[in-house]
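Student: Provided below for reference: sequence and predicted model.
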Amino acid sequence: MNDTQYRNITVWLVEQIRAGQPSHVLLQAMCDRGWRRDVAMGLIAQAMGQPADPGASPATAAAPERAELHGAPEVAKPMPVPAIDDGALYVDVGDRRVPVLMHLPTPRIVLFGDFLSKQECDRLIEAARPRMQRSMTADPRTGETMVDTVRTSRGMFFHRDETPLVRTIEARIAKLLQWPVSHGEHLQVLHYRPGDRYEPHYDYFDPTQPGAAPLLARGGQRVATFLMYLREPERGGDTTFPDLGLSFAPKRGSALFFSYPVPDPSSKSLHGGAPVQSGEKWVATKWLREGVFA
Ligand SMILES: O=C(O)CCC(=O)C(=O)O
Ligand SMILES: [Fe+2]
């Protein structure tokens, strides 16, 4: 962290504190934007006029932690984030109340139950089924899509306005994540049969790879993923986070949100779809972008 960054974050914190923003909200906002939790706590304590760490000068104390985040965004960078910081057990998304089942602050992961009804899951699968094709991944060298052995599922995309059901789901996601429909990629439906999997990967585009440029040109970086479980297999098919030791069972109707404010492994957002052992797994994925995805 250089002097300017230190001044900017301090000015921003002091303004927020004067406006009455509670410290836990500031802490979460900073963590969501890639600040290390302990560094953020120190800076907030200082901005509140309390000594953070006697004996350490603020700029030098925080510098190494901040510097390791490549291309870290400025603190004002907005992120998709569900409104659950007030301890709410449900989020009202207009047409339903979505239960919050589990959340982790850093990295930000939230599991929701009942995001989609059983009928909505079935209708989405039936609309997608005739259009399923072997899933592709983006080649990091060229940005072109390619068939890849790390991802053996089949998939398809729905245009934003394609059907009333797609429109309803798009609007529900936007309300839940407080993020405009325009800033999301098109809804993707994926189908895994026994043995199909998606090896652990990051959803952001690696900015150090030449192939990232064309992908980033269309709406900027991916900053979060919203994964909806449409049909549960009989065994296997968990969504796993190897760096965190966490696994989520693909329960029909529930949805998993996770965000990665920096396109870097420090986001701890490595995740994959474990092999389906028996039965079939269907999911719908929505990737959220920084900007308008046209
Ligand atoms: O199927 C899963 O559990 C993971 C899917 C995934 O990682 C993705 O679509 O990006
Ligand atoms: Fe993914």
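Tutor: All right, it came through fine. Ligands and ions are numbered 1, 2, ... in the order given.
Student: give the next helix or strand downstream of the helix or strand bottoming out on mean pLDDT in the chain.
Tutor: One helix or strand of the chain scores below all others by mean pLDDT, DSSP states H and E: helix 58-67, with a mean of 38. The first helix or strand that comes after helix 58-67 along the chain, using DSSP states H and E, is strand 90-92.
Student: hmm, who's touching the helix or strand hosting Leu26?
Tutor: According to DSSP H and E, Leu26 maps onto helix 23-32. By Cβ atoms under 8 Å, 6 or more residues apart in numbering, the surrounding residues in contact with helix 23-32 are 13, 16-17, 37, 40-41, 43-44, 48, 75, 79, 81, 85, 105-106, 108, 259, 261. Backbone N, C-alpha and C define where each C-beta goes, glycine included.
Student: tell me the pLDDT of the residue in the stretch 1-150 of the chain that ligand 1 sits nearest to.
Tutor: Taking Cβ to the nearest ligand atom as the measure, the point where the stretch 1-150 of the chain comes nearest ligand 1 is Ser135, at 8.4 Å. Note on Ser135: pLDDT of 77.
Student: can you get me a residue count around the closest residue to it other than its chain neighbours?
Tutor: Nearest residue to Ser135 in three dimensions, chain neighbours excluded: Gly155, at 4.3 Å (Cβ to Cβ, 6 or more residues apart in numbering). If you count neighbours by other Cβ atoms under 10 Å, Gly155 ends up with 20.
Student: ok, back up a step: narrow the contacts of helix 23-32 to those in strands?
Tutor: Among the contacts of helix 23-32, DSSP state E puts Ser259 in strands.
Student: ok, Ile84 touching Val100?
Tutor: Yes - Ile84 sits in contact with Val100 when judged by Cβ atoms under 8 Å, with a separation of 5.3 Å.
Student: of the contacts of helix 23-32, keep whichever come out buried.
Tutor: 13, 16-17, 40-41, 43-44, 75, 79, 81, 106, 108, 259, 261 (16 or more other Cβ atoms under 10 Å).
Student: where's the dip in pLDDT among those?
Tutor: Where pLDDT dips furthest among these: Val75, at 52.
Student: so stretch 157-177, near ligand 1 or not?
Tutor: No - if you take Cβ under 6 Å from any ligand atom as the test, stretch 157-177 misses ligand 1, and the best it gets is 11.8 Å.
Student: what does that stretch contact?
Tutor: Residues contacting stretch 157-177 (Cβ under 8 Å, 6+ apart): 80-82, 91, 93-96, 98, 112, 115-116, 120, 123-124, 127-128, 179-181, 184, 186-189, 224, 226, 228, 257, 284, 286, 288.
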